[in-house]
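[1] need a 3D model of the following:
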Amino acid sequence: MGVVRDAEPWDALLAAGREDERLVATTALHARASRSVAIPNDLHPAVAQALAARGVTELWSHQAAAFAASRESDVVVTTGTASGKSLAFNLPVLDQLCRDPLARALYLYPTKALAQDQARALAELAVPGIRPAIYDGDTPREARGAIRRSANLVLTNPDMLHMGILPNHEAWRGFLTHLVAVVIDEAHVYRGVFGSHVANVLRRLRRLRGDELRMLLATATIANPVELAERLTGRDGFALVDEDGSPGARKTVAMWNPPLVDEALGARRSALSEAADVVAALLREGARTICFMKSRRAVELMARFVRDQLPAELAARVAPYRAGYTSQQRRELERRLVEGDLLAVIATSALELGIDIGELDAAVVVTFPGTVASLRQMWGRAGRRGRMGLAVYVAGEDALDQFFCRHPDEFFDRAVEAAILDHANEQIFAGHLLCAAHEAPLVPGRDDALGDDWEWHAKMLVSVGELHADRRGRYVPRHAERFPAGEVSLRSASADSFAVVDATSGEMLGTVEAARAFTTIHEGAIYLHLGRSYEVRTLDLEARHALVAPFEGDWYTQPKKETDTEIERLLDRREALGVTLSFGVVRVTETVLAYQRKRLSDHEAIDLVALDLPTTSFSTQALWYELPDNGALGSTPIDALLGSLHAAEHSQIAVLPLLAMCDRWDIGGLSTNLHSQTGCATIFIYDGHPGGIGITRRGYLHFETLVEDAHRLVSECPCAAGCPSCVQSPKCGNLNEPLHKRGCVELMGQMLHQ
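    Numbers count the residues shown, from 1 in each chain. Predicted coordinates:
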């Protein structure tokens, strides 16, 4: 293990960064004063004794607060990384299981790795009478019956609850009848389409079990923890525990911006190469480091680049850590890291959630991970108690990366985003209502756990032949032999989808909504799955599947498409910033005409390949605003007008993830100088998923902030005419033509001065 000297091991690195202006800014995060309290007298003696045997004689204040609050209500705990949130929900659950031999508890985790980690922790705690078991897709079939009968604490994931437990609830009757607590860890992961599905799965669970149980949620710091808890579970009255009593490590947070290599085009040195230099410098000084990358491929490349800069004895102590490894391989890497044998691990962000990998000196995050909340989770890995830690953010050329590099103070101080979901999305809800009817007949006036409007949706399903009313007036499946849970993917907003199959292994990688299939998995497309690249070999429209193969090339693809929007229903309207701002339902019609191949290194176009695909359409939520004829663009030539509107649309989509926890790929847009329904220049921004999931609703409510952020993003970018750091979009259906940066700045500037 490297020796950390009295002088911090990264002083020389930061000094060099200041000298060549790569280091944009640093700030100090001071250690948080810890607040410990005595273990509650009313904690069951068996749990208290197990804690004492592990050397735990006091609790952090938030752990005690969660235990006390759980006696009266549901609880959501939102405290920092490594603050002991697991013990905060374990204590009330273990206490209840010890008091009632028949009681059962269900723990939900978004990944198998997290469930494995928590199972180990429970086994080490060794509370007498607690019989934990993991129930997921890897559980041997011969072991599943014993788990249902004897385990009193089952650790699983939403997919297994949806596909394995609820449809087979009769086999789980003994467990569900005595279920007293449901724990939902890493609750901030359940947002967007995935969260909207999981919210319906939890309502189906409540319907079968009833509400005589306690729900305990743990989440990273987000803007709306109570709202998320209530939307996710369908229950009100959550107690919020957010005052962190654990000792936070002191940290230096550094923003590192690769230098420009072409100022006119806004091109910068590769963030990956720059980060490799940073990590190698830290390792040479003995700093135990974790580096977060966005993709599997980037993880492997970073590990190689770092090793190439180090002597053999140090290079052997650098390892990648990503999905795709066996559980045994991951456990071995975790053990080596905790014990100090590994000096550095290069990991995908998906694997940082809550897994115990010991105390580290430095955390390096390469490019913006999508949300400020996620970034702070990653920063939380840096710093050992009693010592300074270093968190480095290495910016890329993306719009948000450069926006924050120009506003470092705001970056450090900016409020975290809100987690958004909409369980009532019509297409998502209809699929789960069918699942619920398969599990037990739907009874009018009784099944309120499914929501206030479930009977209206049931009647709609009757009208399309999916349900029918029996002689007792209950809604039951018309096709009893079907297995609807198998037809509902928790990661797709639509039941109409295409399967994506790895042609080399025959494995189904996932599904893509039909509304997005032609832009995502057309023949020749480079498709990303869990951070790994695949090339689409064939798209079979009749069989509804795409065959893909692993891809290692140096290009990516961007579809060229025509898009139209039709306003179907106005839900809200207001005047804002001198424009008429609306929110409602629109129908989006898209025709994919071709795709362009672009080099990864410099984004230069290689070629344009024509496609022959049918037109698709879907309804979704959108915000749109109408620009007055006498505004900033009143006398603008048509090319500049179209380019200004287009650039404004792109920039506002780019910054919308700062308000809602989403990805720009979840959002679509259209700008036009004359829309057939509004009769004037109009910009539309819409949810990219059928039915909508609430993203643009938040943009509508916070429109002034959206435009202000977008204006600063574009106006302060040093490029001459627009670049990937301001108005160009990697997902533009018009291949970023036309764009007019100056007109965009003038347009939004005038709006902000209204």
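
[2] what about the stretch 551-700 of the chain, any weak spots by pLDDT?
    Applying pLDDT under 70 to the stretch 551-700 of the chain flags the ranges 630-635.

[3] again with the stretch 1-150 of the chain
    Short version for the stretch 1-150 of the chain, where the test is pLDDT under 70: 1-7.

[4] measure L283 to A15 for me?
    L283 sits 18 Å away from A15, going by C-beta to C-beta, to the nearest Å. No exception for glycine: its C-beta is placed from N, CA and C like everyone else's.

[5] from the contact counts, what lies against the helix or strand that V299 is a member of?
    Remark: V299 resides in helix 296-308, with elements defined by DSSP states H and E. Other elements packing on helix 296-308 under the criterion 3 or more C-beta pairs under 8 Å, 6 or more residues apart in numbering; DSSP states H and E are helix 271-284, strand 289-293, helix 312-315, strand 318-321, strand 344-348, strand 532-540.

[6] got the angle for that helix vs strand 289-293?
    Angle, helix 296-308 to strand 289-293, by axes from the mean of the first three to the mean of the last three C-alpha atoms, to 10 degrees: 140 degrees.

[7] from the chain's centre, how far out does helix 296-308 sit?
    24 Å (C-alpha atoms, centre = their mean, to the nearest Å).

[8] likewise stretch 130-144?
    Here the centre of stretch 130-144 is set off from its chain's centre by 27 Å, with C-alpha atoms, centre = their mean.

[9] coming back round to it: buried set for the helix holding V299?
    R296, R297, A298, V299, E300, L301, M302, A303, F305, V306, R307 (16 or more other C-beta atoms under 10 Å).

[10] how long is stretch 287-302 end to end?
    End-to-end distance for stretch 287-302, by C-alpha to C-alpha, to the nearest Å: 17 Å.

[11] whoops, stretch 175-193 was the one
    End-to-end distance of stretch 175-193 (C-alpha to C-alpha): 29 Å.

[12] residue at max distance from the center of the protein?
    What lies farthest from the middle of the chain is R471; by C-alpha atoms, centre = their mean that is 44.8 Å.

[13] neighbouring strands for the helix or strand that contains Y393, and are they parallel or not?
    Secondary structure from DSSP H and E places Y393 in strand 389-394. Partners of strand 389-394 in the sheet, by DSSP bridges, are strand 251-256 (parallel), strand 362-366 (parallel).

[14] D629 - how many residues pack around it?
    10 (other C-beta atoms under 10 Å).

[15] quick check: it is in a strand.
    No. Using DSSP: H, G, I helix; E, B strand; the rest coil, the assignment for D629 is coil, not a strand.

[16] beta partners for M508?
    According to DSSP bridges, beta-bridge pairing links M508 with V501.

[17] secondary structure element for D452?
    Counting by DSSP H and E, D452 is held by no secondary-structure element, helix or strand.

[18] what about it, neighbour count?
    By other C-beta under 10 Å, 8 other residues sit near D452.

[19] how close does the most centrally placed residue in the chain get to A229?
    Central residue of the chain (C-alpha atoms, centre = their mean): V189, 5.3 Å from the mean position. Here V189 is placed at a distance of 13 Å from A229 (C-beta to C-beta).

[20] list the contacts for R406?
    Each residue near R406 by C-beta atoms under 8 Å, 6 or more residues apart in numbering is listed here: R712, E716, C717.

[21] so which of the residues you listed sit within helices?
    R712 (DSSP state H).

[22] now the contacts of R406 as TSV including pLDDT, neighbour count and distance to Y475?
    TSV is the format used below for these (pLDDT from 0 to 100; neighbours: other C-beta atoms under 10 Å; distance: C-beta to C-beta, whole Å):
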residue	pLDDT	neighbour count	distance to Y475
R712	94	19	52
E716	90	15	57
C717	89	22	55
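
[23] for Q118, give me its contacts.
    S86, Y107, Y109, L155, D185.

[24] so the first one is in which element?
    In this structure, S86 is located in helix 85-99 according to DSSP H and E.

[25] buried sites along that helix?
    For helix 85-99, by 16+ other C-beta under 10 Å, it's 85-98.

[26] stretch 689-700: end-to-end distance?
    17 Å.

[27] run the angle between the strand holding Y393 and helix 271-284 for me.
    Using the same axes, to 10 degrees: strand 389-394 against helix 271-284 is 160 degrees.

[28] would you turn the buried residues of helix 296-308 into JSON lines with pLDDT and distance to W379?
    What follows is those, written out as JSON lines (pLDDT from 0 to 100; distance: C-beta to C-beta, whole Å):
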{"residue": "R296", "pLDDT": "72", "distance to W379": "22"}
{"residue": "R297", "pLDDT": "74", "distance to W379": "24"}
{"residue": "A298", "pLDDT": "82", "distance to W379": "19"}
{"residue": "V299", "pLDDT": "85", "distance to W379": "19"}
{"residue": "E300", "pLDDT": "82", "distance to W379": "24"}
{"residue": "L301", "pLDDT": "85", "distance to W379": "23"}
{"residue": "M302", "pLDDT": "91", "distance to W379": "18"}
{"residue": "A303", "pLDDT": "90", "distance to W379": "21"}
{"residue": "F305", "pLDDT": "92", "distance to W379": "23"}
{"residue": "V306", "pLDDT": "95", "distance to W379": "20"}
{"residue": "R307", "pLDDT": "94", "distance to W379": "25"}
